[in-house]
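**Student:** quick one: sequence plus predicted model below, questions after.
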There are 2 protein chains.
Amino acid sequence: MRNTLRAESGVRYLSDEQRADPLFTNSIARAMQVLAAFHHADRPLSLADIAQGAGIDRSAAQRIVHTLRSLGYIRRDAEDRGYLPGIRILDHTLDFLRMDPLIQRATPVILELRRNVRERVDLSLFDGQRVVYAARMQSKRETFYATLVGHSVPTFCSSGGWAIMARLSEEEASAIVKASDRMPFTPRTLTDPDHIMEEVAATRARGYSIAVEQILLGEVAIGVAVTGPQGRPVAAIHVAGSLSEWTAQDFSTRVAPLALEAARAISHI
Amino acid sequence: MRNTLRAESGVRYLSDEQRADPLFTNSIARAMQVLAAFHHADRPLSLADIAQGAGIDRSAAQRIVHTLRSLGYIRRDAEDRGYLPGIRILDHTLDFLRMDPLIQRATPVILELRRNVRERVDLSLFDGQRVVYAARMQSKRETFYATLVGHSVPTFCSSGGWAIMARLSEEEASAIVKASDRMPFTPRTLTDPDHIMEEVAATRARGYSIAVEQILLGEVAIGVAVTGPQGRPVAAIHVAGSLSEWTAQDFSTRVAPLALEAARAISHI
DNA sequence: TTGTGTGTATTGCAATGCGATACACTTGCA
DNA sequence: TGCAAGTGTATCGCATTGCAATACACACAA
């Protein structure tokens, strides 16, 4: 009875599963939808923008924004022209980063790795169809996106994603690839599921992945999986270099052994 | 009428201001309190831990955790022994970092600064009694805490905090110092309000702060304020060096001019 | 066993959040 | 200058929705 009522009222921005769940607290979901409205924003948002982005009406947006603002999760921008995410978000970021045992163990190891290879080293966490950057150790010449924790790239076309999929069952990996919306990043990005699965098989055979210009032109990346309990892949280490300095072969010959050793040091709780 | 009801029911974990506000949505606040329960945690939390940390009962904690988990903001830990912050938090971190115009402008500048000074450079944001690290460019020899975005240090005893307070009115700065719970980090941390305000005055006179072993023994830090519209300080750049390599004097002579120039490049929208 | 700790499930009641509506103010176009 | 469309803000009655009590299944230890 109450579930049918729930299901009929409100906007359709939640999954059926969630709306059918009697324990599910809608107002929390709406609040998070409001925060998530910033995901697709490229400028400060107005109340109307937020309402639209979150799939709620202006009135609800008003109250929710008001509340989140008074808690510090949303703020007005410097010229008072719109809303921006608030600084309290970073408190939770810190909680995530410091409480994750994997990241705790990984940090000194990837720092050491970067010292040895002198190229950019990243740690990314497996999250279904994407991998999320949790730490980046930039190389000397890096200029942009130096520390954007939270950036994510698709699993299907990244060195880390390939390394992770090589540790999953064929079916599970294939399911991820097929479910992904495979937009190419560069002309060389692999988008055909069969080609991708061949790459995953090659990765499984050699123990690490070699991704050439999959995300960025001129970049080669080596990926190795990090496994947790029961041998399941939970993250990946990747090292990225420039094709103006390396051939893909030379790069992997030099970097892969070190990256594999680092991954082994972190893996298996 | 309804406000008295609100004020009487529930636990006392919200400010009077918030409970008196008819637009304030309590259930959102409770959800955020649940997430904030991790702030003081050093191991995965049980439902009971969360209930206690958030000041709610087990029943409420159950529903809220359930909801936040189904949304990805909370997860079970790898051995299924407790709850941890979930990876979706990083999505909001990214929103915060990339949408903040100050951080956008600052990133290339502090990278350039790090290249020039070859020491650790940080950008921290002013948030009342604390300053929050938003970006860190580590030096070569850095080993821990390399990229813990979200870390914060007190305004009253950090190089960045002094630089920021030097741009506030005497009253405002003094209010921050007095309101702070001035626990010393090292034996040399200044805790007496008068001494701190002298340091702030010296900072105002010379244009940058010099903090010697205020947070960490063996460390000297130079701080310069970054200002926003109307000349209000909104952030600080700081450069930290080791007293085993530098005297405080030499360090500031070498670093301060470059840091000041960087701050000028970012300041004043 | 018994006890204390987990996490999970169900339910009726009423407190609470919803959403319609109205208003003050700014901006931009005619 | 006036109108229109945008902004953010305020109010309020109704019924939806979240609350809190209770019960259960499953651990692990004593």
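**Tutor:** Structure's in. What do you need?
**Student:** the residue of the stretch 101-250 of chain A found nearest DNA strand C and residue B:175, how far apart?
**Tutor:** Taking C-beta to the nearest atom of the strand as the measure, the point where the stretch 101-250 of chain A comes nearest DNA strand C is residue A:101, at 16.6 Å. Quick note: C-beta positions are derived from backbone N, CA and C, even for glycine. Residue A:101 is 40 Å from residue B:175, where distance means C-beta to C-beta, to the nearest Å.
**Student:** residue A:21: neighbour count?
**Tutor:** 16 (other C-beta atoms under 10 Å in any protein chain shown).
**Student:** over to residue A:90?
**Tutor:** Neighbour tally, residue A:90, other C-beta under 10 Å: 25.
**Student:** how about residue A:264?
**Tutor:** Residues near residue A:264, counting by other C-beta under 10 Å, number 13.
**Student:** secondary structure element for it?
**Tutor:** helix A:248-266 (DSSP states H and E).
**Student:** please name every helix or strand in contact with that helix.
**Tutor:** helix A:101-117, strand A:209-212, strand A:219-227, strand A:233-242 (3 or more C-beta pairs under 8 Å, 6 or more residues apart in numbering or on different chains; DSSP states H and E).
**Student:** show the average pLDDT along the shortest one.
**Tutor:** Same thing as strand A:209-212. Strand A:209-212 comes out with an average pLDDT of 97.
**Student:** which other residues reach it?
**Tutor:** Contact with strand A:209-212 is made by A:157-160, A:162-163, A:166, A:188, A:199, A:202-203, A:220-224, A:243, A:248, A:251-252, as judged by C-beta atoms under 8 Å, 6 or more residues apart in numbering or on different chains.
**Student:** for the buried ones among those, write the corresponding PyMOL selection.
**Tutor:** Buried residues among those (16 or more other C-beta atoms under 10 Å in any protein chain shown), as a PyMOL selection:
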select buried, chain A and resi 157+158+159+160+162+163+166+199+203+220+221+222+223+224+248+251+252
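**Student:** what does residue A:189 show for phi and psi?
**Tutor:** Here is the backbone geometry of residue A:189 (degrees, to the nearest 10): phi -60, psi 130.
**Student:** so where do the helices sit in chain A?
**Tutor:** Here chain A has its helices, by DSSP state H, at A:2-8, A:16-19, A:26-36, A:47-54, A:58-71, A:89-99, A:101-117, A:159-165, A:170-179, A:193-206, A:248-266.
**Student:** what angle separates the longest one from strand A:233-242?
**Tutor:** In this case it means helix A:248-266. Interaxial angle of helix A:248-266 relative to strand A:233-242 (axes from the mean of the first three to the mean of the last three C-alpha atoms, to 10 degrees): 150 degrees.
**Student:** got the angle for helix A:248-266 vs helix A:193-206?
**Tutor:** Taking the same axes, to 10 degrees, one finds helix A:248-266 and helix A:193-206 inclined to each other by 70 degrees.
**Student:** any low-confidence regions in the stretch 151-269 of chain A?
**Tutor:** Residue ranges of the stretch 151-269 of chain A with pLDDT under 70: A:269.
**Student:** highest mean neighbour count out of the helices of chain A?
**Tutor:** Of all those, helix A:159-165 carries the top mean neighbour count, a mean of 31, counting by mean count of other C-beta atoms under 10 Å in any protein chain shown.
**Student:** contacts for stretch A:216-223 next, please.
**Tutor:** By C-beta under 8 Å, 6+ apart, the residues outside stretch A:216-223 that reach it are A:158-164, A:185-186, A:188, A:203, A:208-215, A:236-244, A:246, A:248, A:251-252, A:255-256, A:259.
**Student:** then that stretch to CSV, C-alphas only?
**Tutor:** C-alpha atoms of stretch A:216-223 as CSV (Å, rounded to 0.1, in the frame of the first residue of the first chain):
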residue,chain,number,x,y,z
LEU,A,216,45.0,10.8,-24.4
LEU,A,217,46.9,11.1,-27.6
GLY,A,218,50.6,10.8,-27.1
GLU,A,219,50.3,8.8,-23.9
VAL,A,220,51.2,5.3,-23.1
ALA,A,221,50.1,3.7,-19.9
ILE,A,222,51.0,0.5,-18.0
GLY,A,223,48.3,-0.9,-15.7
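**Student:** quick one: that stretch to chain centroid distance?
**Tutor:** Averaging C-alpha positions (C-alpha atoms, centre = their mean, to the nearest Å) puts stretch A:216-223 17 Å from its chain's average.
**Student:** tilt between the helix holding residue A:264 and helix A:101-117?
**Tutor:** 140 degrees.
**Student:** may I have the phi/psi pair for the residue of the stretch 101-250 of chain A found nearest chain B?
**Tutor:** Nearest to chain B, among the residues of the stretch 101-250 of chain A, is residue A:150, at 3.1 Å (C-beta to the nearest C-beta). Dihedral pair for residue A:150: phi 110, psi -20, per degrees, to the nearest 10.
**Student:** ok, for it, nearest residue in space, not its chain neighbours?
**Tutor:** Once flanking residues are discounted, residue A:150 sits nearest to residue B:94: 3.1 Å by C-beta to C-beta, 6 or more residues apart in numbering or on different chains.
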